[in-house]
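Engineer: Turn this into a model:
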Amino acid sequence: MQQHKLGQVVESTDNSMNLDNTELNTEYSRKKLENNSGKNKIALIFHLKIAELERYMNWLDKSKNMLGSRRLFRVKVDPAPREGMEIDEIVIDEFPTSQSALEFMSVFGPELKKICSNVVVLAIEPEPAATFRIVKAISWVVQLFKGIKDCGIPSADWKAPNTAVWPDEYQMDVARSQNLDEPLFVYNLNQNKEFAEYQTSGIGSKQVSGQEAYDRYAKIAGFELLRRGAFPVYGGKPICLLEGDPDCMLADRWDKFIFVRYPQRRNMLAIIEGDEFKTGQDHRDAGLERVAIFMGKEA
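Structural biologist: Presented below is the predicted three-dimensional model:
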């Protein structure tokens, strides 16, 4: 798949700006973020390969909740590269405006680049916080009436039918080797197909969009998450890449960011091994073109 250059941005929510297939530089990406509506919050997702741990820890202390930001998540990523992209930690900071996000990058970005061997920063427009509070409440109700508790060690039979849109075999091997009792965070960056492409006869006979096919998958998989107390805790619409290598896998067009928390890692493994979940796999395969997916625990 053709990669976009550094600074390539996703489609603007303003239909008057179609920036796909245009080579853009980082400055243009910054301008796009500056032009983002001042009413909307902005989140910066930092994907970091740490070179100097002590200086990095100091940076975390100095930069936390500065310039109007809130540090929402800091996750230690499983040591399983995705498309060659090695990450030690993912940090998500939220800002009241795009201007405050850019100011943060100007003040704290240069030092971060000195103490990390790789820094990739994705800007997103987050969904309203109320959305995630509602999902959490729904999860509580579903658990109350349809809850399930996973025990023991899940089997290791499941393998991705299409690693472009699922964790690859190495990622799954590493995921299974971690502490199954600890909470798990799963990072999902999705790229939809324009139209769903079903390979199984009898499914999706009526043409639908890639987003609609993914929504079918999410409805099936979502119930299995909710009944275990797992649910999206954050997400939003990617805006632009502010920092990163031109060949980085994140330098591409993405449609949706979803950050999911599982009470235990074994929950995720049990879900994908279950028969109920398998009924939704065809919808995900049909609807998604590509994903960037990482797993990890709270740092």
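
Engineer: Please make it C-alpha for all contacts and neighbour counts, starting now.
Structural biologist: Noted.

Engineer: For Thr279, grab the count of nearby residues.
Structural biologist: Thr279 is flanked by 12 other residues according to other C-alpha atoms under 10 Å.

Engineer: what do you get for Phe132?
Structural biologist: Phe132: 16 neighbours (other C-alpha under 10 Å).

Engineer: and if you look at Asn58?
Structural biologist: Asn58: 10 neighbours (other C-alpha under 10 Å).

Engineer: What separation is there between it and Asp168?
Structural biologist: Asn58 sits 34 Å away from Asp168, going by C-alpha to C-alpha, to the nearest Å.

Engineer: before we move on, what about Met268?
Structural biologist: 15 Å.

Engineer: try Leu102
Structural biologist: 34 Å.

Engineer: what's the answer for Ile153, then?
Structural biologist: According to C-alpha to C-alpha, Ile153 and Asp168 sit 20 Å apart.

Engineer: and those two? which has more neighbours close in?
Structural biologist: Set Ile153 next to Asp168 and count neighbours by other C-alpha under 10 Å: Asp168 wins out with 19 against 11.

Engineer: secondary structure class for the nearest residue to the more buried one once chain neighbours are set aside?
Structural biologist: If the residues on either side of it in the chain are set aside, Asp168 comes closest to Ala160, at 6.3 Å by C-alpha to C-alpha, 6 or more residues apart in numbering. For Ala160, the secondary structure call by DSSP: H, G, I helix; E, B strand; the rest coil comes out as coil.

Engineer: now swap in the one 3 residues further on and tell me
Structural biologist: For Thr163, the secondary structure call by three-state DSSP comes out as coil.

Engineer: Could you give the number of residues near it?
Structural biologist: Thr163, neighbours per other C-alpha under 10 Å, totals 13.

Engineer: Just the buried positions in stretch 268-276, please.
Structural biologist: For stretch 268-276, a neighbour-count test (16 or more other C-alpha atoms under 10 Å) marks Met268, Leu269, Ala270, Ile271, Ile272, Glu273 as buried.

Engineer: in whichever strand or helix holds Ala175, what counts as buried?
Structural biologist: Assigned by DSSP states H and E, Ala175 falls within helix 169-177. Residues Gln171, Met172, Ala175, Arg176 are the ones in helix 169-177 that count as buried (16+ other C-alpha under 10 Å).

Engineer: Now do Asp252 against Pro232, distance only.
Structural biologist: Taking C-alpha to C-alpha as the measure, Asp252 and Pro232 are separated by 23 Å.

Engineer: pLDDT score for Asn21?
Structural biologist: pLDDT for Asn21: 29.

Engineer: which helices and strands does the helix or strand containing Ile272 pack with?
Structural biologist: Assigned by DSSP H and E, Ile272 falls within helix 265-273. Judged by 3 or more C-alpha pairs under 8 Å, 6 or more residues apart in numbering; DSSP states H and E, helix 265-273 is in contact with helix 210-226.

Engineer: how about Gln199, what does it touch?
Structural biologist: By C-alpha atoms under 8 Å, 6 or more residues apart in numbering, Gln199 lies in contact with Asp282, Ala286.

Engineer: can you rerun that using 10 Å?
Structural biologist: Contacts for Gln199 (C-alpha atoms under 10 Å, 6 or more residues apart in numbering) come out as Asp282, His283, Asp285, Ala286.

Engineer: and the last one, what is it in contact with?
Structural biologist: So the one you mean is Ala286. 165, 192-193, 195-200, 203-204, 208-214, 217.

Engineer: Which residue, other than its chain neighbours, is closest to Leu122?
Structural biologist: Leaving out its chain neighbours, Leu122 is closest to Leu241 (C-alpha to C-alpha, 6+ apart), at 4.6 Å.

Engineer: What strand or helix carries that neighbour?
Structural biologist: strand 231-243.

Engineer: Check the average confidence over that strand, would you?
Structural biologist: 94.

Engineer: just stretch 57-74 next, same as before
Structural biologist: Across stretch 57-74, the average pLDDT comes to 97.

Engineer: any idea how far Asp215 is from Leu288?
Structural biologist: Look at Leu288 and Asp215: by C-alpha to C-alpha, they are 10 Å apart.

Engineer: Among the two, which residue is more densely surrounded?
Structural biologist: Neighbour count, other C-alpha under 10 Å: between Leu288 and Asp215, Leu288 has more, with 24 against 17.

Engineer: quick one: the more buried one and Glu276, what's the gap?
Structural biologist: For Leu288, the distance to Glu276 equals 20 Å [C-alpha to C-alpha].

Engineer: How about Gly210?
Structural biologist: Gly210 is 21 Å from Glu276, by C-alpha to C-alpha.

Engineer: domain ranges for the protein?
Structural biologist: Domain assignment for the chain by automatic domain parsing gives 26-126, 129-298.
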